[in-house]
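Visitor: here is a sequence with its predicted model. Questions after.
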Amino acid sequence: MSILGAIEAGGTKFVCGIGKEDGTVLERVSFPTATPEETMAQVVSFFQNKGVEAIGVGSFGPIDPVKGSPTYGRITTTPKPHWSNFDIVGHLGSHFQVPIEFDTDVNGAALGEYTWGAAKGFDSCLYITVGTGVGAGAVVGGELVHGLSHPEMGHILVRRHPEDKFEGFCPYHGDCLEGVAAGPSLSKRWGVPGADLTPDHPAWEMEAYYLAQALMNYILILSPQKIVMGGGVMKQLQLFPLIHAKLQELLNGYVQLPAISEQIADYIVPPQLGDNAGLCGALALAKKALAAG
Ligand SMILES: Nc1ncnc2c1ncn2[C@@H]1O[C@H](COP(=O)(O)OP(=O)(O)OP(=O)(O)O)[C@@H](O)[C@H]1O
Ligand SMILES: [Zn+2]
């Protein structure tokens, strides 16, 4: 079995790993995201002499994942200092002459759960992360969803909760989904980090109200066969039943499928790959690179 390289390129930290085509992770390291020069030097030294036959990169964005585009392989307009327009694929390619697959972290995670995790055996799935930001990736008909670029499903518009006085923190849209539901919105709205709010705090009902609206929109547009919800905020497992109930209330019987009625607890689930969802996502991208040659 081939040895694959996986890079989960996050805005806060990079996780690099060595794995196999069956999804096994053999080795992993993590370091804080510094300047591209410093960080990429650590990445290159980790993979040196490991004999990787392909590399997958699941990256924070926005990125250009469209092959053939003049800016393919770059992190594009990020406000993160020094990383804007950084050619991550070009840099890796100058050190390792192997196929490289580059996509968003959430598209990677969707592919990982589809290949080895909660969505194994299905044709489609959606992966949403609720962390420092909100993002989602999707597999439809066995393929990752791309278009002009990649979807930006974290920034959709949602109806305001009637009791929510918080203006939202998205620098572009204020109260888009990310602006009202990502981890920092919890601490800004309630004065304490989400991890310190008790499970019965009203924050969770409000959080579920926003996330259920997002899921309703994704279901109506993409009709995914499985929805996987990860990221720091989703460690609050009490959110799952709240989201299930809100979603059913919002759909109001319009989409009548077992997945959305009696089987909803199996339809909207935490990542089966657990805390390895991101790294396994990058590994799935490496597997794709290997297959494409
Ligand atoms: N147990 C928890 N309960 C609620 N919120 C949490 C919990 N753990 C982390 N968070 C929140 O999640 C956010 C961090 O998300 P995560 O751990 O997914 O990291 P990240 O990878 O930086 O996020 P992103 O995926 O957006 O890049 C922070 O805002 C933090 O307050
Ligand atoms: Zn936004």
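Guide: Everything's here; your move. Ligands and ions are numbered 1, 2, ... in the order given.
Visitor: looking at this, residue 19 is in a helix?
Guide: No - with DSSP: H, G, I helix; E, B strand; the rest coil as the criterion, residue 19 is assigned strand and is not in a helix.
Visitor: how much space is there between it and residue 139?
Guide: From residue 19 over to residue 139 the distance is 19 Å, taken as C-beta to C-beta, to the nearest Å. The C-beta positions use only the backbone N, C-alpha and C, and glycine is treated the same way.
Visitor: and stretch 66-79, how far apart are its ends?
Guide: Terminal residues of stretch 66-79 lie 21 Å apart, using C-alpha to C-alpha, to the nearest Å.
Visitor: mean confidence (pLDDT) on that stretch, please.
Guide: Average pLDDT, stretch 66-79: 93.
Visitor: and the helices in the stretch 151-293 of the chain?
Guide: 177-181, 183-190, 202-222, 239-251, 264-267, 277-292 (DSSP state H, counting those that start in this stretch).
Visitor: out of these, the one nearest residue 108 is which?
Guide: Taking C-beta to C-beta, helix 277-292 is the member of these nearest to residue 108, at 3.1 Å.
Visitor: what number of residues lie near the closest residue to residue 128 other than its chain neighbours?
Guide: Take residue 128 and drop its neighbours on the chain: the residue closest to it by C-beta to C-beta, 6 or more residues apart in numbering is residue 136, 4.1 Å away. Residue 136 is flanked by 29 other residues according to other C-beta atoms under 10 Å.
Visitor: and residue 136, what pLDDT?
Guide: 98.
Visitor: one more: residue 154?
Guide: Confidence score, pLDDT, at residue 154: 98.
Visitor: list the contacts of it.
Guide: The contact partners of residue 154, taken as C-beta atoms under 8 Å, 6 or more residues apart in numbering, are 128, 133, 134, 135, 136, 176, 177, 178, 182.
Visitor: quick one: which of those residues sit in strands?
Guide: Among the contacts of residue 154, the members found in strands (DSSP state E) are 128, 134, 135, 136.
Visitor: can you redo the residues you listed as a markdown table with distance to residue 162?
Guide: Shown next, in a markdown table, are those (distance: C-beta to C-beta, whole Å):
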| residue | distance to residue 162 |
| --- | --- |
| 128 | 24 |
| 134 | 21 |
| 135 | 27 |
| 136 | 25 |
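Visitor: now, of the residues you listed, which are buried?
Guide: Listed as buried from these are 128, 134, 135, 136; burial here means 16 or more other C-beta atoms under 10 Å.
Visitor: before we move on, the earlier item: mind checking the helices of the stretch 151-293 of the chain for the one nearest to ligand 2?
Guide: Closest approach to ligand 2 among the helices of the stretch 151-293 of the chain is made by helix 177-181 (4.9 Å; C-beta to the ion).
Visitor: contacts for that closest one, please.
Guide: Counting by C-beta under 8 Å, 6+ apart, residues outside helix 177-181 touching it are 130, 133-135, 154-158, 160-161, 164, 166, 168-170, 173, 185, 207, 210-211, 213-214, 233.
Visitor: one step back: turn the ones in strands among the contacts of residue 154 into CSV, including distance to ligand 1.
Guide: CSV is the format used below for these (distance: C-beta to the nearest ligand atom, whole Å):
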residue, distance to ligand 1
128, 10
134, 7
135, 7
136, 11
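Visitor: wait, residue 35 sits on residue 82?
Guide: Yes - proximity of residue 35 to residue 82 meets the contact threshold set by C-beta atoms under 8 Å, at 4.7 Å.
Visitor: OK, contacts around residue 39?
Guide: 14, 31, 33.
Visitor: assumed residue 93 was part of a helix.
Guide: Yes - assigned with three-state DSSP, residue 93 falls within a helix.
Visitor: near ligand 2, which residues of the stretch 151-293 of the chain show up?
Guide: 155, 170, 172, 173, 176, 178 (C-beta under 5 Å from the ion).
Visitor: out of these, which end up buried?
Guide: 155, 170, 176, 178.
Visitor: the first one: what's its closest spatial neighbour, skipping adjacent residues?
Guide: So the one you mean is residue 155. Per C-beta to C-beta, 6+ apart, closest to residue 155 is residue 176, 4.5 Å.
Visitor: what distance do you get for that neighbour to ligand 1?
Guide: Here the criterion is C-beta to the nearest ligand atom, to the nearest Å. By it, residue 176 lies 14 Å from ligand 1.
Visitor: show me which of the buried ones among the ones in strands among the contacts of residue 154 is closest to residue 88.
Guide: residue 135 (17.4 Å).
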